Structures are given as C-alpha cells and as structure tokens.
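Okay, predicted coordinates and the sequence, questions at the end:
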Amino acid sequence: MKPAIDYLLHLADNALVLGQRNAEWCGHGPILEEDIALSNVSLDLIGQARLLYQLVASLKGGNCTEDRLAYFRDTHEFRNYTLLELPHHGPLSGYAQSSLDYGTTIVRNFLYSALMALLWEALEKSTNADLAAIAAKSLKEVRYHLRHSRDWLVRLGDGTDESHARVQASLDHLFPYTQEFWAHSPAEAAAIAAGIGVDVTTLKADWDSIVDAALEEATLKRPALSGYVTEGKQGIHSEHLGFLLAEMQSLARAHPNGVW
Amino acid sequence: MYTQSFNVPDSPGAKTVALAPSTEDPALQAAFDARIDADGRIEPQDWMPEAYRKTLVRQISQHAHSEIVGMLPEGNWISRAPSLKRKAILIAKVQDEGGHGLYLYSAAETLGTSRDQMLDGLHSGRAKYSSIFNYPTLTWADVGVIGWLVDGAAIMNQVPLCRCSYGPYARAMVRVCKEESFHQRQGYEALLVMMTGTAEQKAMVQDAVNRWWWKCLAMFGPPDADSPNSAQGMRWGIKRVSNDELRQKFVDATVPQAKVLGVTLPDPDLKWNEERQHYDYGQIDWNEFWETVNGNGPCNKERLATRVKAHNEGQWVRDAALAHAAKKQAMKEAA
C-alpha cells in the first residue's frame, strides 16, 4: 500500500500546489478573460488534488481526510515537483517579493501540462482502477490547460520584442526544473513495480516533441540543461514551498478543531 | 455580485438626468415612450434618447466595475480557505463575479462604449463601483457573510433588473441573478456549518455580521427622498422598485434567517411593527456612506490601486496578443 500512497501523494501535491499558485491570479489577471481562465485551471487542479487525497485517505483509513493531508502535513512531507511551488516571477530568494509575471505562469503551466497530458493518458491504464478513473477525468482537463498555455506561449513568444524577451527569460528560468520530471525516485520506482505508476522517462520523447514544436512556433530558444536537479518529489524543496504552505494552512491550523 | 443602487452620480457634482422632455426628434421620442409605457424592450439597434443611453452606460458600467472590484475582498481569502472544498467554492464564486463583469461590459458595449473606455473611467477614479467593496474582509467568516448578506442585498436589487427596459441588460441579469442566488445560499450554508463548530468560530461569525450589517443596508442607496436619479429611472423602466422598498424587503427577509443561524443583528431598534407588518430598523449612517462613495472609505485607495496595477502590469501581455494576432492576419492576407 505504501507505494500507492506515496505515488498518489506526489500526483496530488503537484495538483494542489500548482492550483494554489494559479489561483493567485484571481482578480489580478492581465485581462478579465484570463482571470477567469486561470481560475478554471486552478479549480480543475484543486479538483484533481481532492480526488487523489480522498483516495489516499481511504487507503490510510482511520481519521485521515483530504484536509488532513492538505493542511496538516509539513513542507518536507510534500512530494510535488519543485517547479510547481515557485512564485510567478524570476529567480529570487524565498522571502523576496515581486509582482506576478504572466510569462512565468504560462511557461510553467505549459511545461507541466505537456507532461501531464501524456502521464494522465498513460495512467488511464493503471492497475489501480480508482487512479485510472481519476486519470481519465484529469486528461480531459489537462488537454484544455495545455491548449490554453500553449496558445499564450506562442502569443507571448511571437508577440512584441518585450514579450519575446520576457517569456524567453521565464523559459530560461524554469526549464532546468523540468530535469526533475525524468530523475529517478525510489517512490516512483516502487509505484512502477507495483503496476500503479508509469515510468515517466518513457514519455520524454513525446514531451520533447510537444515542447519543441511549441517553442518553434513561439520563436523561442530551448535552453540547454545542466546543473542541479531539483528534488521536490522526494521532499527536498525550494525556499518557496514553506511560504506557500504557511499561508495556505494558517487558518486550518489556527482552528484544528474547527468545522468548515 | 452587486449593485448598490446605481443612482449615485459618477463624479461628485455631476448633473443628474433632467426630467424635462427630450429635445430630440418628437416622433422617435413618442415611439420610444410608447414602447416603455407598454413595458416593451429596447434593443441596441433601436432609437433611444441620449440621456437614456448615458444613464444605462453609467449604470451597467458601474455594475460591471462592481463585479470586478468585488473579486478583491473575497479573493483575499482564496489562498487561506480552511478546507479544499471551501477553497474550490470560493474560487468558483470569485470566478463567477468575473464572468458577471464580462457579460455586463458586453451589455454596455452594445450601447456604443468600449470596455477600454469604461475601464479608463474606473482606473481614473471617475466611475463609481459599489461602495460595499471598500470595506476589508478581516476573517474567513466575512466570506460567508458577504455571500449571505451582501449577495442577498444584491439579489434584492437585481431581480427587478431582469425586467429592465433595456434588453441586453435584462437578459444578462437573468443569468447573474441565478448565480447570485446560488452564492447567497452557499454563503449562508458556510455560516450554518461554522455555527456548529467551536466557540471561536461562532464568535467569528457574529463579529462578521456586526461589521457588515449596516454596510449592507446602505447598499440599497440613499432614502427615496434623497435619491436624485430614481424618478427618471423609474419612468424609463431601468429602476423598478425604490431603494427604501428594497431595503425593507431585505430586512424582513434577513431577520428570520439570522434567528435560524443563531446570530444577532447589531441594531437595538430592530423590531417587528405589527401595524406596518414590517420590521422597523434604526438610522443608517449616511455620512459614512457618502464618505466611502466619495473615495474616503477604509479600502478605496487599495482597491483602485490594485485594479490599476493589474491593468498596467498586464499591458505587455495584451500588446503581445494584439501584435501576434496582427502578424497572423498579415500572413493570412499575404497567402
């Protein structure tokens, strides 16, 4: 059961953390239509997280609930990719502040959605029937997220000199974090062995084609990869997740016996 | 979400609509009057008096601005919502408000004013939006109370607008009202659940009710006697029910809901009047209302500056989309 729980938590934490980030645009988008679109993406991701946490809670039994998992685990217990917890701006230390940057948001949503469009499709064949059902639902959603972020990536890349430079900078900042997608983790290996999970490295060639085609249309240059490979999926995060969780969990933790 | 009654002039000292007969083409005017008198609908392609058009643009754009500024006080709690279910409900709700803003800007555009022009009015501070959003959301209970009371008050104001004489506005309001009444029930339900919780949660709900109650009563706008644009609005079928009537209806509907919830309403003069068959209520602080309408409430500057910041910082994104679309178009034409 442990391989399943660890793997489901990885998928759930990915969805929740990116859902929390996307919702930060609600009320602050560059145009009203985008406030609405990003709220939709966020709602889909939070919906996916809830289904996955509910599945984990049913496997764990006892008094575990989706909210115990989302609100009462600490930073090192989260298993999301580091990419997804980063703030919507360029590289800055954890406690530095900056305005929301739409280019960062779009590049991140694109890179992740391109992966998940492949991964959810593969997970439709998971030996865990509940996960397969969640994958089927999530696949429909992520195809829309991919289309939305890809369209904007092309607009921003091909648009003006300023937008091109900005979105190229976002890509240069975020692309190295995608190395984590393909890095080995014991939890994923256990899930693959159990037939629950999918070996993500088998998806890399398809991911590369989706990414390269979009970058070409957007007139953007694919950054070369090297250096530190992030380890969020193993619980070793950036400085940013602590702040995200401190905010997200503050009210629930202030009233641990509250009913909502 | 909302209207406060939209008979507040946009900029201080702006002239109210004259009741004098129009100087425009008498035959067209007569046909327009006859349609209004017969409770018919005016559509975008129809002739209409300039003053009617201006009043509608002002009212619908104020309403649209209220929706998008109204995303901010509730959006303030999205990141901290105390459960995943409540987080999803709140995002969906704030998203609905954005959607209302979109339909309303579109309805106003049918009158020949662009969204950019309307946004410029908002960002420059000339155009008003509902004053209720110039108050802060201090605790999670505010989210529930806004749903219950603020959306509740908005529904009282807006249901009559579904019968407004201007077709696109009336049709937009049908959908807006359905969503608002859903929000109102969600807000009330969230509070009912909190009232089954800890003593701290119950205190949080009562505190939020105490802070929002009087602001909600003021949302209906000045008393009928002091309401400059109401008479012409009624004549035109833009306004159907007076501010005071709507306010009374709201009070009468809310008192029993407060009892079921288990909270008190912060008005010692609130009591049933057997003779009137209505609840009597105390004096609203109109001085505070006008101060807030005129820019001096607790959050006016923050709300406006936040809208302006989002707009300015999104300029490069909108420019990119336009530039890309123009390139695509040029390529299509060249092909």
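Sure, I can see it.

Pull up the residues of the stretch 151-300 of chain B that are close to chain A.
Contact residues, the stretch 151-300 of chain B versus chain A (C-beta under 8 Å from any C-beta of the partner chain): B:190, B:193, B:194, B:196, B:197, B:198, B:200, B:201. Yep, even glycine has a C-beta here, placed from its N, CA and C like the rest.

mind redoing it with 10 Å?
Listed as neighbours of chain A in the stretch 151-300 of chain B under the rule C-beta under 10 Å from any C-beta of the partner chain: B:190, B:193, B:194, B:195, B:196, B:197, B:198, B:200, B:201, B:204.

of these, closest to residue B:183?
Checking those against residue B:183 by C-beta to C-beta gives residue B:190 as the nearest, at 10.5 Å.

quick one: contacts for the closest one?
Residue B:190 makes contact with A:260, B:85-86, B:89-90, B:140-141, B:143-145, B:147-148, B:205, according to C-beta atoms under 10 Å, 6 or more residues apart in numbering or on different chains.

and with 8 Å instead?
When contacts are counted by C-beta atoms under 8 Å, 6 or more residues apart in numbering or on different chains, residue B:190 touches A:260, B:86, B:89, B:143, B:144, B:147.

before we move on, which element is the nearest residue to the last one once chain neighbours are set aside in?
With C-beta to C-beta, 6 or more residues apart in numbering or on different chains as the measure, residue B:187 is the residue that lies nearest to residue B:147, at 1.6 Å, once sequence neighbours are left out. Counting by DSSP states H and E, the secondary-structure element that holds residue B:187 is helix B:167-194.

Kindly reformat the residues of the stretch 151-300 of chain B next to chain A as CSV containing distance to residue A:31.
Shown next, in CSV, are these (distance: C-beta to C-beta, whole Å):
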residue, distance to residue A:31
B:190, 30
B:193, 36
B:194, 35
B:195, 40
B:196, 41
B:197, 39
B:198, 42
B:200, 40
B:201, 38
B:204, 36
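
Tell me the one among the residues you listed nearest to residue A:173.
For those, the residue nearest residue A:173 by C-beta to C-beta is residue B:190; the value is 38.8 Å.

any idea which helix or strand comes after the least confident helix or strand in chain B by mean pLDDT?
Ranked by mean pLDDT, DSSP states H and E, the helix or strand of chain B with the weakest confidence is helix B:230-235, at a mean of 80. As assigned by DSSP H and E, the chain's next helix or strand after helix B:230-235 is helix B:243-261.

Around chain B, pick out the residues from the stretch 1-150 of chain A.
Contact residues, the stretch 1-150 of chain A versus chain B (C-beta under 8 Å from any C-beta): A:16, A:20, A:23-24, A:26-36, A:39-40, A:42-43, A:46-47, A:49-50, A:53, A:66-67, A:70-71, A:99-100, A:102.

Tell me which residues are up against stretch B:242-249.
Here stretch B:242-249 has contacts from B:5, B:7, B:156-157, B:160, B:217, B:220-224, B:227, B:230, B:234, B:278-279, using C-beta under 8 Å, 6+ apart.

how about it: buried residues?
Neighbour-count burial for stretch B:242-249, counted by 16 or more other C-beta atoms under 10 Å in any protein chain shown, picks out B:242, B:243, B:244, B:246, B:247, B:248, B:249.

Stretch B:218-237 now?
Applying 16+ other C-beta under 10 Å to stretch B:218-237 flags B:218-222, B:227, B:229-233, B:235-237 as buried.

Skip the chain neighbours and tell me the closest residue to the residue in the stretch 51-200 of chain A positioned nearest to chain B.
Nearest residue of the stretch 51-200 of chain A to chain B, counting by C-beta to the nearest C-beta: residue A:159, 2.7 Å away. Once flanking residues are discounted, residue A:159 sits nearest to residue B:320: 2.7 Å by C-beta to C-beta, 6+ apart.

related to what we said a few turns ago, in the helix or strand following the helix holding residue B:187, what counts as buried?
Going down the chain from helix B:167-194, the next helix or strand is helix B:199-218, by DSSP H and E. Neighbour counts using 16+ other C-beta under 10 Å place B:201-202, B:204-209, B:211-218 of helix B:199-218 among the buried residues.

Equivalent analysis for stretch A:92-105, please.
For stretch A:92-105, the neighbour count (16+ other C-beta under 10 Å) marks A:100, A:101, A:102, A:103, A:104, A:105 as buried.

swap in stretch A:244-260?
By neighbour count on 16+ other C-beta under 10 Å, the buried set for stretch A:244-260 is A:244, A:245, A:248, A:249, A:251, A:252, A:255, A:258, A:260.

Quick check: pLDDT value at residue B:10.
Note on residue B:10: pLDDT of 61.

how many neighbours does residue 142 have?
Going with chain A. Counted with other C-beta atoms under 10 Å in any protein chain shown, residues neighbouring residue A:142 total 27.

look at chain B instead
24.

tell me which strands and helices the helix or strand harbouring it is in contact with?
Secondary structure from DSSP H and E places residue B:142 in helix B:140-145. Packing contacts for helix B:140-145, counted by 3 or more C-beta pairs under 8 Å, 6 or more residues apart in numbering or on different chains; DSSP states H and E, involve helix B:167-194, helix B:199-218.

what residues are up against the residue nearest to residue B:270 when sequence neighbours are not counted?
Spatially, and ignoring its direct neighbours in sequence, residue B:270 is nearest to residue B:281 (5.1 Å; C-beta to C-beta, 6+ apart). By C-beta under 8 Å, 6+ apart, the contact list for residue B:281 reads B:217, B:251, B:267, B:269, B:270.

Tell me the one among these nearest to residue B:71.
residue B:217 (23.2 Å).

Just give the closest residue to that closest one, not the sequence neighbours.
Nearest one to residue B:217, counting by C-beta to C-beta, 6+ apart, is residue B:284 at 5.4 Å.

Who are the contact partners of the one you found?
Residue B:284 touches B:214, B:217, B:218, counting by C-beta under 8 Å, 6+ apart.

so which of the residues you listed comes closest to residue B:177?
Once C-beta to C-beta is applied, the member of the contacts of residue B:284 that ends up nearest residue B:177 is residue B:217, at 20.5 Å.

Let me know the pLDDT of the residue nearest to residue B:270.
Reported pLDDT for residue B:281: 98.

What values do phi and psi take at the residue nearest to residue B:125 when sequence neighbours are not counted?
Closest residue to residue B:125 apart from its sequence neighbours, by C-beta to C-beta, 6+ apart: residue B:304 at 6.4 Å. Dihedral pair for residue B:304: phi -70, psi -40, per degrees, to the nearest 10.

Spit out the contact partners of residue B:304.
B:69, B:122, B:123, B:125.

just residue A:26 next, same as before
Residues in contact with residue A:26, defined by C-beta under 8 Å, 6+ apart, are A:35, A:38, A:39, A:42, B:71, B:75, B:78, B:91, B:94, B:95, B:98.

again with residue A:82
Residue A:82 sits next to A:177, A:180, A:230, A:231, A:232, A:237, A:238, A:241 when contact means C-beta under 8 Å, 6+ apart.

ok so, going back, want to try CSV for the buried residues of stretch B:242-249, with distance to residue B:104 and pLDDT as columns?
CSV is the format used below for those (distance: C-beta to C-beta, whole Å; pLDDT from 0 to 100):
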residue, distance to residue B:104, pLDDT
B:242, 23, 90
B:243, 21, 92
B:244, 25, 94
B:246, 19, 94
B:247, 23, 96
B:248, 27, 97
B:249, 23, 96
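
Among the residues you listed, which one sits closest to chain A?
For the buried residues of stretch B:242-249, the nearest to chain A is residue B:246 (27.9 Å; C-beta to the nearest C-beta).

Noted, bye for now.
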